[in-house]
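# Got a predicted structure plus its sequence, pasted below:
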Amino acid sequence: MEIHNLPAYELAEKIKNKEISSLEVTELFIERIEKYDDDINAVVIRTFDEAIDAAKKVDNQKSSDPNGPLHGVPMTIKESYNIKGQSTTWGIGAYKGNIAKEDGLAVKRLKSAGAHFLGKTNVPLNLADFQSYNDIYGTTGNPWDTSKTPGGSSGGSAAALAAGFTALEAGSDIGGSIRNPAHYCGVFGHKPSHGIIPSSGHELIPNVPEPDLSVCGPLAKSAKDLEIALDVMSGPMERRAKGWQLNLPESSRMSLKDFKVAVWCNDELAPVSSEIAERCEEVGRNLSSVGAKVSFSDRPDHDFLKAEINYQLLLQSVMQSGMSEEEFKKVEEIASKLEPNDNSVDALLAKGTVLSHRNWIRQNYAREQIKISWAKFFKEWDLLICPQLATTAIKHDHRKISERTIKVDNQDQRYFQQIFWPGLAVNAHLPSTVFPTGLSIEGMPIGLQAIGGAYEDKTTIKFAELYEEEFKAFEVPNLK
């Protein structure tokens with residue numbers, strides 16, 4: 001495999017062993033960005049001079065001791081993370097001059113592990129879309145087909161990885177924003193268990209408390225890189241480290257045949273294309289063929305429609321919290337006129353937006369029962385494998401979100417109806433790893449997600465590693 005497509009851990013080893021210099025690798029990525037990124041528009045903030053200086057320092061170190069597991073590795077990171085001296089906007093025009101005064105915590109930890117940064121990658125407005133475009137940086141295309149989106153909100157992250165512009169990436173996820181782009185672009189992405197990676201420095205305003213639902217996490221070209229980055233990024237922030245430590249269990253499954261896997265390929269609550277469903281079934285058959293225990297019928301024992309309603313209310317409570325007072329008053333008036341049992345899409349949007357603290361506590365209680373149901377399920381099963389989204393990457397569509405639909409086997413579906421699938425893990429605070437399964441008939445990547453029990457992050461990642469070793473499903477696009 002060409003150098004620019006190697007996973008970060010292999011590059012780190014080559015740099016440590018002096019097979020290649022950090023500067024050579026850094027300049028190679030810069031050359032590819034300058035050659036190909038005009039068409040893709042993934043790396044929208046470029047810190048090439050700083051990256052070259054950092055690479056030279058690595059190469060000129062007198063000590064033979066490596067800096068860490070990412071020794072000398074150049075990487076990019078989602079625009080929503082703070083890098084000192086660089087703009088952090090989340091695609092919002094009003095924040096165009098918002099210059100970070102210091103590195104965010106994840107950036108500091110990745111640097112301490114030996115990495116340095118080539119720049120930052122594109123996002124949608126307010127990190128709130130399955131596509132990545134905004135008025136500041138423009139539109140990011142999918143390296144497999146630039147007429148299609150790479151996903152969102154970590155769309156620039158996944159596009160940069162797939163295009164061979166970077167060795168590693170980090171994104172964030174509240175509605176699949178790590179995993180959706182990983183699926184669309186054919187790379188690996190991990191949504192961690194909630195709370196294990198601090199979000200400090202993934203923010204527009206300093207010192208924002210940890211949000212509900214949202215997490216930070218890695219995207220990569222290999223599952224091993226996901227685990228390395230998870231270990232680097234996770235653990236309590238400094239003031240909490242005095243009182244607690246993170247101790248994620250290692251995976252007890254060392255072979256695919258050791259896994260007990262439930263497979264859920266489609267559902268009327270959010271129908272997926274026949275090709276996605278068939279690929280999911282194929283993965284289940286593949287696992288059976290190597291000796292894994294597989295069920296196509298077992299599910300957690302709770303009402304998934306009620307769980308989806310619960311997720312939507314809690315999600316909107318977070319997503320709309322920055323709404324202006326004027327907008328909030330309008331939604332409050334709409335919500336006041338709704339019938340108590342109105343669970344239509346518009347009603348849930350309004351109810352979630354104005355959710356009182358009293359009602360948030362009640363919804364959180366309902367979520368706790370869902371978490372308990374999942375915990376019981378994962379006493380019997382190691383993983384649940386299911387779709388990430390309803391289709392492969394969609395064409396760019398910049399209409400108002402309320403006007404958008406997607407075609408699922410020639411049937412129109414609400415644009416955000418498919419958030420059901422990524423929301424399964426988000427609302428229950430579970431880990432989920434998206435892994436490549438190969439290309440569609442049209443030559444676009446298909447990724448599926450492996451959801452695990454709470455804090456079993458290394459089990460879902462280990463599965464993705466073992467599946468790739470056995471079935472060789474990771475592919476890269478041929479840029480022209």
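Okay, I see it.
# CA only for contacts and neighbour counts going forward, please
OK.
# A helix includes residue 190, no?
No. Under the criterion used here (DSSP: H, G, I helix; E, B strand; the rest coil), residue 190 is strand, not part of a helix.
# What is the burial count for it?
34 (other C-alpha atoms under 10 Å).
# and it, bridged to which residues?
Assessed by DSSP bridges, residue 190 has beta-bridge partners residue 433.
# so what's it up against?
Going by C-alpha atoms under 8 Å, 6 or more residues apart in numbering, residue 190 touches 178-179, 217-219, 226, 431-434, 461.
# So it versus residue 420, what's the distance?
17 Å (C-alpha to C-alpha, to the nearest Å).
# circling back to that earlier point, just send the contacts of residue 190 back as JSON lines, with distance to residue 473, secondary structure and pLDDT too.
Below are the contacts of residue 190 laid out as JSON lines (distance: C-alpha to C-alpha, whole Å; DSSP: H, G, I helix; E, B strand; the rest coil; pLDDT from 0 to 100):
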{"residue": "178", "distance to residue 473": "19", "secondary structure": "coil", "pLDDT": "98"}
{"residue": "179", "distance to residue 473": "17", "secondary structure": "helix", "pLDDT": "98"}
{"residue": "217", "distance to residue 473": "22", "secondary structure": "strand", "pLDDT": "98"}
{"residue": "218", "distance to residue 473": "19", "secondary structure": "strand", "pLDDT": "99"}
{"residue": "219", "distance to residue 473": "16", "secondary structure": "strand", "pLDDT": "99"}
{"residue": "226", "distance to residue 473": "17", "secondary structure": "helix", "pLDDT": "98"}
{"residue": "431", "distance to residue 473": "22", "secondary structure": "coil", "pLDDT": "99"}
{"residue": "432", "distance to residue 473": "18", "secondary structure": "strand", "pLDDT": "99"}
{"residue": "433", "distance to residue 473": "15", "secondary structure": "strand", "pLDDT": "99"}
{"residue": "434", "distance to residue 473": "12", "secondary structure": "strand", "pLDDT": "99"}
{"residue": "461", "distance to residue 473": "15", "secondary structure": "helix", "pLDDT": "98"}
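# Could you give me the ChimeraX syntax to select whichever of those residues are buried?
In ChimeraX syntax, the buried subset of the contacts of residue 190 is picked out as below (16 or more other C-alpha atoms under 10 Å):
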select :178,179,217,218,219,226,431,432,433,434,461
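# out of the contacts of residue 190, who's nearest residue 280?
residue 434 (12.3 Å; C-alpha to C-alpha).
# Please pull out the lowest mean pLDDT helix or strand from the protein.
Using mean pLDDT, DSSP states H and E, helix 238-241 stands out as the lowest-scoring helix or strand of the chain, at a mean of 92.
# This structure - how does it break down into domains?
Using automatic domain parsing, the domain ranges for the chain come out as 3-256, 304-367.
# which one of the ones you listed is the most hemmed in?
domain 3-256 (a mean of 22; mean count of other C-alpha atoms under 10 Å).
# what's the first-to-last distance across that one?
Using C-alpha to C-alpha, first and last residues of domain 3-256 are 29 Å apart.
# same check, this time on stretch 13-23
14 Å.
# Where does pLDDT dip in the protein?
Applying pLDDT under 70 to the chain flags residues 63-64.
# Point to the residue nearest the middle of it.
Nearest to the geometric centre of the chain sits residue 178, at 1.0 Å (C-alpha atoms, centre = their mean).
# In this structure residue 299 contacts residue 377, no?
Yes. Residue 299 is within contact range of residue 377, at 7.2 Å (criterion: C-alpha atoms under 8 Å).
# ok, the two, which is more surrounded?
More neighbours surround residue 377 than the other of residue 299 and residue 377, with 20 against 17 (other C-alpha under 10 Å).
# which secondary structure element contains that one?
helix 357-380 (DSSP states H and E).
# Counting by contacts, list what the helix or strand following that helix packs against.
Using DSSP H and E, the helix or strand that directly follows helix 357-380 along the chain is strand 383-387. The contact analysis (3 or more C-alpha pairs under 8 Å, 6 or more residues apart in numbering; DSSP states H and E) places strand 383-387 against strand 260-263, helix 274-289, strand 445-452.
# Would you map the helices across the stretch 201-350 of the chain?
Counting by DSSP state H, counting those that start in this stretch, the stretch 201-350 of the chain has helices at residues 223-233, 238-241, 274-289, 304-319, 325-336, 345-353.
# still on that earlier bit, looking at the helices and strands packed on strand 383-387, which is closest to residue 22?
strand 445-452 (30.3 Å).
# these two touch, right, residue 14 and residue 25?
No. Checked against C-alpha under 8 Å, the pair residue 14 and residue 25 is beyond contact range at 10.1 Å.
# what's the overlap in contacts for these two?
With C-alpha under 8 Å, 6+ apart, residue 14 and residue 25 have no common neighbours.
# ok but residue 117 is inside a strand, no?
Yes. Per three-state DSSP, residue 117 lies within a strand segment.
# Same list (the helices of the stretch 201-350 of the chain) but as TSV, adding distance to residue 213.
Shown next, in TSV, are the helices of the stretch 201-350 of the chain (distance: least, C-alpha to C-alpha, whole Å):
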stretch	distance to residue 213
helix 223-233	18
helix 238-241	20
helix 274-289	26
helix 304-319	7
helix 325-336	21
helix 345-353	14
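# Let me know which of these is the nearest to residue 412.
When those are compared by C-alpha to C-alpha, helix 274-289 sits nearest residue 412, at 14.3 Å.
# quick one: that closest one to strand 383-387, angle?
150 degrees (axes from the mean of the first three to the mean of the last three C-alpha atoms, to 10 degrees).
# now the angle between strand 445-452 and helix 274-289, please.
60 degrees.
# Name all residues that make contact with residue 436.
183, 186-188, 445-448, 468, 473-474.
# that's a strand at it, yeah?
Yes. Assessed with three-state DSSP, residue 436 lies in a strand.
# related to what we said a few turns ago, contacts for the helix holding residue 377, please.
Applying C-alpha under 8 Å, 6+ apart, the set of residues contacting helix 357-380 is 260, 299-302, 307, 310, 313-314, 427-429, 452-454.
# returning to that earlier point: could the domains of the chain be laid out in TSV, adding distance to residue 413?
Shown next, in TSV, are the domains of the chain (distance: least, C-alpha to C-alpha, whole Å):
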stretch	distance to residue 413
domain 3-256	14
domain 304-367	13
